[in-house]
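Student: Sequence first, then the predicted structure, then my questions.
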Amino acid sequence: MSTPEATSEQDETLESLFEGYTPEEQTLLDKIQTFLYESVYSPFLIMWVDWRTRVGLMILLGFVLMGTVGPRVVERTYVNHGPYTQPWFQSMDHPLGTDRIGHDILSLTVHATPAMLEMVAGGAIFAVVVATLVGTVSGYTGGKIDFVLTTFTDIALNIPGLPLIIVLAAIFEPERAFLVGILLTINAWAGLARAIRSQVLTIRQEAYVEASFTLDMPLSYIVRRDILPNLMPYILMNLMEMARHVIFASVALYFLGILPFTTHNWGIMLNEAYQHQAHTRLDLFYWMAVPIIVIGLISVGLILVAQGMDRVFNPRVRARFDQSKETSTEVDNV
Amino acid sequence: MAVTESSYSTGSSEDVIIETHDVSVYFEMDRGTSKVLDDVSLDIYREEILGIVGESGSGKSMFASALLDAVVAPGKTSGDILYHDADGSTIDVLSLNQEELRAFRWEKVSMVFQGAMDSFNPTLRIKGHFIETLKAHDFDVDEGLERATDLLAQVYLDPDRVLSSYPHELSGGMKQRVLIALSLLLDPDVLVMDEPTAALDLLMQRSILRLLENLQQRYDLTVLFITHDLPLVAELSDRVAVLYAFQFVEVGPVSELLERSSHPYTRALLNAVPTLQTPLSDMEPIEGSSPDPINVPTGCSYHPRCPLADERCIGEEPPFYATEHDDHQTKCFHWEDAISEIPLAHHKSTTGSSQIVEGKQSEEPVLTLDNLCVHFENNNSFLGLFGESQTVFAVDEIDLDLYENDILAIVGESGCGKTTLGKASIALQRPTSGEVQYRGDDIWAVKDGRSESDRSYSAIRRALQIIHQDPGSSLNPNQKILRTLESPIKHWKSDMSQTDRRSQIYGLLEYVGLTPAEEYAQRYPHQLSGGEKQRVALTRALLMNPEVILADEAVSALDVSLRVEMMDMMISLQNMFDTSYIFISHDLANARYFAGSVGGRIAVMYLGEIVEIGPAEEVIQNPKHPYTKVLKWSTAELDSDASQEELPLRNIDIPDPVNPPSGCRFHTRCPEARTECRVNSPKLEATDDGDGIEAHQVACFLDKPRDHPYWSSDQLVSEDNPTLVE
């Protein structure tokens, strides 16, 4: 059959088989529409059904607005901006109160957000992308590549995280929030990479993965289409976990004074409140409470979104969604 | 002709152990009420073996669960189930409370579930399972363990060894037998078995059935055997009840049902089953599919698929008619006509004559296996310091040629290396030594770049395709069918327009019977049935115009009635695509049907070696190797009194492939083995009976002339497994 004549002969038989089946030609616009519908619109609707996603997305949207629009609306604060240690909800000028040297706490909180978002994005995305790449490639390919990658992962996994970050922070003194984020997850990806690798080892036993391999589909296809979708709920959950990790770690390290105080940060606010005994004095409680509430809220938002996202990757939910769409359009037509 | 409604009871009520009246099981769902058992009434007699047969999704497992009031929530059971105890008291099963139910199950009625091999706790020794069961029912542990030892010996297991092993140390067949022993531990009167052997290969199925018969007699059991495999129960049962669309459609003694079945469905079912005797052309699949529990057709539920259906069948539900035989009842208006209208294929048997079908294979082989070996290193040692690494000889020194348009069926028990051989042939498994050549090029040399050939590895890779055994995992659950099928074409024929691509996919889907194709293409795998998934997998394999397709037990997971249909489909596609198949199966009947239709060959494998190979009909009708004869014995026939002879094996379980026996590997189980077999191993050579069929080769001394040392050496007797020769 490898001879050209035989192949063309077969193509003819094939063609005769397909006579009479001419699906409608799709224009480029149609294709873009289908793509947008299938990859953006319908996953969003599926997610939106879940109250957790709705609440979570609203919270995160709030933080994004606080990080982008917020600094333009809320004036940057300065020393002696207001009275000293005014408690919250006392005046319209300083609704969340002021600190010991007259900084407006609302302004401090809002102006800390852009850097924090940048840090979260940098750290979480860096760690999850590295972990997913290392985990899937080493799990699927096996052999020497696997050996090299797992050895590398194990080394990263076994270096104590906190001292490493302290040392690196001392050497590089990172000021860009983005880089701080990466620094904070410099070896946090290793555990996730290990976990993903072991999951890939199970998935690659599945018959459909072997079928793709027998069709000689490229590695990128198999990883993207056959392996990753099965791991997505897990990876997304970890993305959100990692985001929380970055937030907590940055707050902790700023609080401990390990990272250079170059930007505003909720950790720095906590540190200063602590320095002034806010944890033991009830009248200064608000100073500490504001950053704690903000951190808790963003953390809850991330968790809710991660839980709601599960649905998008469940083929049963997607199929039911398609069916309900069909029936509802039928009803519309009637 | 007496028209009797519902009840089947003909004997006096003393004979009946379980009475069921109008039992229904239903689930409330969003789409409506799903009635998965619809007002069935059936009496089970004391100490009988009753077979219950039906396609998947016909409600047969629900019937079993209902008997024990074990339908899982949110399912609800209604009707009457009465259990008549040996002492004359009667128990109303559905009114028992939790505590009474716990005692009733296992002590009165015990059950072996489907896929029960996974029901062991992997961290608990077998002994622990027995003790747990005894304690849960407040039985004396020591006495119980004594009984357990007895029971295990009864099922041909070494009690001491088995009791102290962990579940993973036992093979599937052994686990299943342990479960049977476990279910009999508390001396129940009724044993309900729900597809107990479906996951085992035929030889083990048959061996277990044989055991079951002995156990039934020894312990005065009433056995309820539920299966989709009609021939399997036909041999074992006293009576058979056929279930279709959540109702019984025919009940009667086995011989009546096989010879004079009067429901069109039963007759169609009998004709759909591949056997070793039936002429190949007379087997036919049943058209259509069984109904959805929410949407059962009005009148007779079988009318959409029935050739005899008329207006009356659509409008009116038929009652049960008694036939000439007392105990044989049929739920069909046309039962008298069915016998003459639908002839039974197995009545026209062609025993003995071998029809050799000429295939149209090429001269040049597509695939050549040259001295192929695949060994697995099983390394249990720590850093290679403690313990020895063990080698599993999965495939050992095999030479084979596969031609264009060829079909090679590889048959053998599980663990004999047939899948490994198949995967090695299509270059999915790298051989330890030896070569796999694709049209003269060593595939692995091409892959490693050691070959001079201008053929690319990628082209070879795509020319050799596979269909997997398990429909559940053969398709990516996250993609619609269209995407699964479209991606390979997109990647390899990128110049093809989307319209051409889709029309090719829709055409193929339509051809394999998935109509309307455009609608099927938009489904996810979980929205397809097992048979439909296998067809999509077949379509995917065909996208690349492959030269060889490895069908790894591709029909084994399907219902019996669907197997013939699937095999027909594969054969008709062979004609269109000029594809060769390597068909792996544990079922000689399927292998015969598939290979025999186009003049293919059957190769019988045992512990990594081919022991017999030849044209399909020749191997089936004129087997030379004792192992082939054993496999033939294990293939159930649609004949209630045939093959009652003893198990032609000295040992049920296959030896460990880590340390294969010396000499002929089959000698530990072979009924014909002599001392010579233990020392020397026979080579695969052409048979010597002068029938002129050169392709028929066998590796056994039995086929050698009388002056061979085999004939002068002593017969081997079983000393290692005395339980078998009692």
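Tutor: Looks like it arrived, so ask away.
Student: contacts and neighbour counts: CA atoms only from here.
Tutor: Will do.
Student: Which pLDDT value goes with residue 9?
Tutor: The chain I'm using is chain A. According to the per-residue confidence, residue A:9 scores 47 in pLDDT.
Student: please go with chain B instead
Tutor: Residue B:9 carries a pLDDT value of 41.
Student: From residue A:126, how far out is residue B:156?
Tutor: Between residue B:156 and residue A:126 the distance, using Cα to Cα, to the nearest Å, works out to 60 Å.
Student: secondary structure class for residue B:225?
Tutor: What DSSP: H, G, I helix; E, B strand; the rest coil gives for residue B:225 is strand.
Student: Quick check: it touching residue B:233?
Tutor: Yes. At 7.3 Å, residue B:225 counts as touching residue B:233 under the criterion of Cα atoms under 8 Å.
Student: tell me, what's touching those two both at once?
Tutor: residue B:51 (Cα atoms under 8 Å, 6 or more residues apart in numbering or on different chains).
Student: tell me the mean pLDDT for stretch A:148-159?
Tutor: Mean predicted confidence for stretch A:148-159 is 92.
Student: buried ones in it?
Tutor: By neighbour count, with 16 or more other Cα atoms under 10 Å in any protein chain shown as the criterion, the buried positions of stretch A:148-159 are A:149-150, A:153, A:156-157.
Student: One more: stretch B:581-592?
Tutor: Going by neighbour count (16+ other Cα under 10 Å), the buried part of stretch B:581-592 is B:581-592.
Student: which non-adjacent residue is nearest residue B:371?
Tutor: Residue nearest to residue B:371 in three dimensions, not counting chain neighbours: residue B:397, with 4.5 Å by Cα to Cα, 6 or more residues apart in numbering or on different chains.
Student: Count the neighbours of the one you found for me.
Tutor: As a burial measure, the neighbour count of residue B:397 was computed by other Cα atoms under 10 Å in any protein chain shown and equals 16.
Student: residue contacts, it?
Tutor: Counting by Cα under 8 Å, 6+ apart, residue B:397 has contacts B:370-373, B:434, B:609.
Student: Pull up the pairing partners for the host helix or strand of it, direction included.
Tutor: Using DSSP states H and E, the secondary-structure element containing residue B:397 is strand B:390-403. Applying DSSP bridges, strand B:390-403 is found paired with strand B:365-378 (antiparallel).
Student: Domain map for chain B?
Tutor: Each domain of chain B is listed here as a residue range: B:47-54+B:97-108+B:188-346, B:365-475+B:528-712, per automatic domain parsing.
Student: ok so, going back, next, work out how far apart the residue nearest to residue B:371 and chain A are.
Tutor: Between residue B:397 and chain A the computed distance is 25 Å (Cα to the nearest Cα, to the nearest Å).
Student: for residue B:341, same thing?
Tutor: In this structure, residue B:341 and chain A are separated by 35 Å, where distance is defined by Cα to the nearest Cα.
Student: In this structure residue A:304 contacts residue A:48, no?
Tutor: No. Proximity of residue A:304 to residue A:48 does not meet the contact threshold set by Cα under 8 Å, at 11.9 Å.
Student: just checking, what packs against the helix or strand hosting residue A:230?
Tutor: Per DSSP H and E: residue A:230 is located in helix A:228-256. Of the remaining helices and strands, those touching helix A:228-256 by 3 or more Cα pairs under 8 Å, 6 or more residues apart in numbering or on different chains; DSSP states H and E are helix A:105-141, helix A:177-184, helix A:189-203, helix A:266-275, helix A:285-309.
Student: let's see 10 Å
Tutor: When contacts are defined as 3 or more Cα pairs under 10 Å, 6 or more residues apart in numbering or on different chains; DSSP states H and E, helix A:228-256 packs onto helix A:105-141, helix A:161-172, helix A:177-184, helix A:189-203, helix A:266-275, helix A:285-309.
Student: just how off-centre is that helix within its chain?
Tutor: 7 Å (Cα atoms, centre = their mean, to the nearest Å).
Student: For it, which residues meet the burial criterion?
Tutor: Under 16+ other Cα under 10 Å, the buried positions of helix A:228-256 are A:228-255.
Student: Can you report the mean pLDDT over the residues of it?
Tutor: Helix A:228-256 comes out at a mean pLDDT of 87.
Student: now it and helix A:177-184, what's the angle there?
Tutor: Between helix A:228-256 and helix A:177-184, the angle comes out at 100 degrees (axes from the mean of the first three to the mean of the last three Cα atoms, to 10 degrees).
Student: buried sites along stretch A:50-59?
Tutor: Burial within stretch A:50-59, assessed by neighbour count using 16+ other Cα under 10 Å, is assigned to A:50, A:52-57, A:59.
Student: Over to stretch B:671-689?
Tutor: By 16+ other Cα under 10 Å, the buried positions in stretch B:671-689 come out as B:671-678, B:681-682, B:684-687.
Student: now do stretch B:194-214
Tutor: Neighbour count says stretch B:194-214 has B:194-212 buried, by 16+ other Cα under 10 Å.
Student: how far does that stretch sit from the chain's center?
Tutor: Put simply, stretch B:194-214 sits 10 Å off its chain's centre (Cα atoms, centre = their mean).
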